[in-house]
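*Asks:* compute the structure for the input listed below.
(2 chains)
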Amino acid sequence: MYQYDKYDHQMLAERVIQFRDQTERYLAGNLSDPEFLPLRLQNGLYIQRLAPMLRIAIPYGLLSSKQLRKLAFISKHFDKGYGHFTTRQNIQFNWPELEDVPDILAHLAEVEMHAIQTSGNCIRNTTTDQYAGVSADELEDSRPFCEAIRQWSTFHPEFAFLPRKFKIAVCGTKIDQAATQVHDIGVYLIKNSNGEVGFRILAGGGLGRTPVIGQEIFEFVEKRHLLTALESILRVYNRLGRRDNKYKARIKILVRETGVEKFRSLVMQEWSQIRDGPQTLTEEEIAHCKSFFVDPFYTEKDDAPEELTAALKNDVLFNSWYQRNVSEHKKSGYAIVTACLKETGVAPGDVTDIQLNYLAELADEYSFGEVRISHHQNVVFADVEQSELYAFWKKLKTKSLASMNLGLLTDMICCPGGDFCALANAKSIPIAESLQRKFDDIDELKDIGNLRINISGCMNACGHHHVGNIGILGVDKKGEEFYQVSLGGSSQNEASIGKIIGPSFAQDEIPAVVEKIIEVYKNSRQNKEPFLDTYRRIGIEPFKEKVYAKAD
Amino acid sequence: MQKLIKNGQLTQDYWTILREATGPEVLKAVPGKNFIVPLKFWKLYQEDLADYAGEVAIWLDSNENANDIGSELASFSLVALNFPIFSDGRSYTNARELREYHKYEGEVRAIGDVLRDQLYYMSRCGFDAFDLRSDQNPENCLTAFADFSTSYQATISEINPLFRRR
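*Replies:* A predicted model of the protein is given here:
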């Protein structure tokens, strides 16, 4: 992973000093609430329902065991012993004291971590595929380019007061696992007709109140032009994005209101001024960024070793977990393992200090001391030897980290919702839990197959409900919590926005509603067709009929 | 009290800002002063001001564009960019474009809601003068320019990004 040099360290140390001074001035009454607001937000600090919430960046999802241990320490000493992995490769702590935040940031800086620009109207943490660099279907590792973007976007002086927040995702794999098309800017590594690898760049995607799939701005740009291309888009947005209405301030609205053709020509006009300028990436810089993301010292091994095949034959539970949670590695003899943080009764994405320390221990023992956090709020061990998988699984089990529901109905995405968040209209964690309890049979879950349920407690859509195969959105109806259900969303390559099925439901109706939806799917599916394909083939009507049918 | 920072120092301000675009008689009433007038005002009355006994400069609001000044730009010794509220970030882009695209070399002054905690970023985007909001502590503001010792990006104050300097 990327290693800080003296410049990175120095800027980070200066940032901590700067925020300590700002916090002191605020607490002394020398900085007003509205003036402190963007300063604290750009250091990850929200004032929430119960306490401040601190959002810490996990750049493009990578964590070393040392960093995991530091997060465990912070959750134990400054929080209540747990943290929450978000859908954008961050970790949130829900109980820090405002006065302690500068100290927490100083602790993070020791392990090259920070909360810079994890919130506020600026360029946020850049995210990518959690399998980058090890996936068998990858065109090129996206992480070196994420690092180039991280440096360019960190403390960018021109873009610290954008009309609204701004999120960038980069994808280098065939199967898009980074929800790239619903980001303000989505960057795909692609190969052009000459066989040259560069970028296709989309802009104007996003969820929230108005979900939109991003539109193509650059069909193909050479690698060296990445940063100037991004800067041109940001400059047009900073100048022209709406500032009169916060709900219309995202770039998706600007692209829509301007029209993509016109928007593109404005971007090209800006780009013509800065392309080939000093921000153009040099070959040395690309090589430098790549040098941090080289393969670990793999040993030469064959696939399917005896230890693995025997265990798969003899241990049904292990076999079951293996089928769901282990993915193909580019290197023979190795496997990618996803530890699913979706145990029943635990809020999706929540992790305790004990688990964080244990993840660190396992990473050191089995996966070269690193893990990745996925946008589905799970933890990935990217380089586990196949011969060790059985022993590894047994260890995961001891700390409730061996759920075998990866990608299944109960592997839900869920925001913190009304239990924690000041913005939420409704709770979301109890919905997730009621579904986990309703669907608690692993064979039944496997029979239903790949299915994404995404739950958000409000229109801001932190739980990505628009792109869930089944999306659940908390709404407020005259002070009561109701839930709107949508079908057919997807954040993968054939991205789509879900359609609302009809009037909303009370909280206790949701498990039965989902059960009816699943019943329609099971009765209508052909062969091994997954839920989304069945939905796309038969449309929303059969589901609607079943869900709203009058009881006989 | 002095509240103008220029080139990293507190300095006497010899300019008066005309906030409203009224009529040319406003200036004529005080001959010999240096006025920073709204872009619109200048566009309307530049002929009336040709024989004005004092210097005239212009200011742009955040929704105006440096391109709107036109070919006269180089004749102004100062262009001021307004922050109607500190969280309106458009003037950062205007400052960069003045320097980068228009190669403007005169003074670029931040006016309006100009606060201590934004000075460093402003200076990196090409501002070299800062008309502080009246409640700001000028001595404390002078320290803002040293909040960071280096930066990642190519900007006006540092032409090369860090990766070309490492």
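*Asks:* how far does stretch A:286-294 sit from the chain's center?
*Replies:* Here the centre of stretch A:286-294 is set off from its chain's centre by 23 Å, with Cα atoms, centre = their mean, to the nearest Å.
*Asks:* what mean pLDDT does it have?
*Replies:* Summarised as a single mean, pLDDT over stretch A:286-294 is 96.
*Asks:* A:Glu480: neighbour count?
*Replies:* Counted by other Cβ atoms under 10 Å in any protein chain shown, the residues lying close to A:Glu480 total 11. Glycine gets a C-beta too; all of them are placed from N, C-alpha and C.
*Asks:* tell me how many other residues surround the closest residue to it other than its chain neighbours.
*Replies:* Leaving aside its sequence neighbours, A:Glu480 sits nearest to A:Ala506 (Cβ to Cβ, 6 or more residues apart in numbering or on different chains; 8.0 Å). Residues near A:Ala506, counting by other Cβ under 10 Å, number 12.
*Asks:* A:Gln484 is in contact with A:Ala506, correct?
*Replies:* No. Using Cβ atoms under 8 Å, A:Ala506 is not in contact with A:Gln484, being 11.8 Å away.
*Asks:* and the residue nearest to A:Glu480, what are its bridge partners?
*Replies:* A:Phe482 (DSSP bridges).
*Asks:* could you do A:Ser496 as well?
*Replies:* Residues in a beta bridge with A:Ser496, per DSSP bridges, are A:Ser490.
*Asks:* and it, how far from chain B?
*Replies:* Look at A:Ser496 and chain B: by Cβ to the nearest Cβ, to the nearest Å, they are 33 Å apart.
*Asks:* isn't that residue up against A:Ser490?
*Replies:* Yes. A:Ser496 is within contact range of A:Ser490, at 5.0 Å (criterion: Cβ under 8 Å).
*Asks:* what residues are shared contacts of the two?
*Replies:* The contact sets of A:Ser496 and A:Ser490 overlap at A:Val467 (Cβ atoms under 8 Å, 6 or more residues apart in numbering or on different chains).
*Asks:* looking at the two, which one has more neighbours?
*Replies:* Taking other Cβ under 10 Å, A:Ser496 and A:Ser490 do not tie; A:Ser490 has more neighbours (22 against 19).
*Asks:* what separation do you get for that one and B:Leu98?
*Replies:* Distance, A:Ser490 to B:Leu98, using Cβ to Cβ, to the nearest Å: 45 Å.
*Asks:* the strand or helix carrying A:Ala391 - what's its average pLDDT?
*Replies:* According to DSSP states H and E, A:Ala391 maps onto helix A:389-398. Mean pLDDT, computed over helix A:389-398, is 96.
*Asks:* so which bits of it are buried?
*Replies:* A:Leu389, A:Tyr390, A:Phe392, A:Trp393, A:Lys395, A:Leu396 (16 or more other Cβ atoms under 10 Å in any protein chain shown).
*Asks:* which residue is nearest the middle of chain B?
*Replies:* Nearest to the geometric centre of chain B sits B:Arg109, at 1.9 Å (Cα atoms, centre = their mean).
*Asks:* helix, strand or coil for it?
*Replies:* Of the three states, B:Arg109 takes strand under DSSP: H, G, I helix; E, B strand; the rest coil.
*Asks:* so who does it touch?
*Replies:* When contacts are counted by Cβ under 8 Å, 6+ apart, B:Arg109 touches B:Ile36, B:Trp59, B:Leu78, B:Val79, B:Ala80, B:Leu81, B:Phe127, B:Asp128, B:Ala129, B:Phe130, B:Asp131.
*Asks:* beta partners for it?
*Replies:* With DSSP bridges as the criterion, B:Arg109 is bridged to B:Ala80, B:Ala129.
*Asks:* next one: A:Ile500
*Replies:* Assigned bridge partners for A:Ile500, using DSSP bridges, are A:Ser486.
*Asks:* quick check: the gap between it and A:His288.
*Replies:* Taking Cβ to Cβ, one finds A:Ile500 at 48 Å from A:His288.
*Asks:* mind checking which helix or strand of the chain has the lowest mean pLDDT?
*Replies:* Looking at chain A here, since you left the chain open. Lowest on mean pLDDT, DSSP states H and E among the helices and strands of chain A sits strand A:45-47, with a mean of 89.
*Asks:* please refer instead to chain B.
*Replies:* Of all helical and strand segments in chain B, the minimum by mean pLDDT, DSSP H and E falls on helix B:25-28, at a mean of 82.
*Asks:* endpoint to endpoint, stretch A:424-442 covers what distance?
*Replies:* 31 Å (Cα to Cα, to the nearest Å).
*Asks:* list the buried residues of the least confident helix or strand of chain A.
*Replies:* By neighbour count with 16+ other Cβ under 10 Å, strand A:45-47 contains the buried residues A:Leu45, A:Tyr46.
*Asks:* hey, C-alpha coordinates of stretch A:184-193 in CSV?
*Replies:* Taking C-alpha atoms only, stretch A:184-193 is exported to CSV below (Å, rounded to 0.1, in the frame of the first residue of the first chain):
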residue,chain,number,x,y,z
ASP,A,184,-20.3,12.4,-9.3
ILE,A,185,-17.4,11.3,-11.4
GLY,A,186,-16.9,7.6,-12.4
VAL,A,187,-13.6,6.6,-13.9
TYR,A,188,-13.2,3.3,-15.8
LEU,A,189,-9.9,1.9,-16.9
ILE,A,190,-10.4,0.8,-20.5
LYS,A,191,-8.5,-0.3,-23.5
ASN,A,192,-8.9,1.7,-26.7
SER,A,193,-8.9,0.2,-30.2
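*Asks:* what's the mean pLDDT across that stretch?
*Replies:* Across stretch A:184-193, the average pLDDT comes to 96.
*Asks:* tell me the buried residues in whatever helix or strand comes next after the least confident helix or strand of chain B?
*Replies:* Where DSSP H and E defines the elements, the next helix or strand beyond helix B:25-28 is strand B:34-38. If you call a residue buried by 16+ other Cβ under 10 Å, then strand B:34-38 has these buried ones: B:Phe35, B:Ile36, B:Val37, B:Pro38.
*Asks:* over to stretch A:247-263?
*Replies:* A:Lys248, A:Ala249, A:Arg250, A:Ile251, A:Lys252, A:Ile253, A:Leu254, A:Val255, A:Arg256, A:Thr258, A:Phe263.
*Asks:* among those, which are in helices?
*Replies:* Under the assignment DSSP state H, those contribute A:Ile251, A:Lys252, A:Ile253, A:Leu254, A:Val255, A:Arg256, A:Thr258, A:Phe263 to helices.
*Asks:* just want the residue of chain A that's nearest chain B.
*Replies:* At 2.9 Å from chain B, A:Phe161 is the closest residue in chain A, using Cβ to the nearest Cβ.
*Asks:* quick one: low-confidence parts of the chain?
*Replies:* As the question left the chain open, I've gone with chain A. Residues of chain A meeting the criterion pLDDT under 70: A:48-50, A:551-552.
*Asks:* please refer instead to chain B.
*Replies:* The model of chain B has pLDDT under 70 over residues B:1.
*Asks:* quick one: the helices in it?
*Replies:* Applying DSSP H to chain B gives helices spanning B:25-28, B:39-45, B:90-100, B:119-124, B:138-142.
*Asks:* please list the residues of chain A that sit near chain B.
*Replies:* A:5, A:7, A:10-11, A:14-15, A:18, A:22, A:31, A:35, A:38-39, A:121, A:148, A:151-152, A:154-163, A:235, A:238-239, A:243, A:273-274, A:277-279, A:281-282, A:284-285, A:288 (Cβ under 8 Å from any Cβ of the partner chain).
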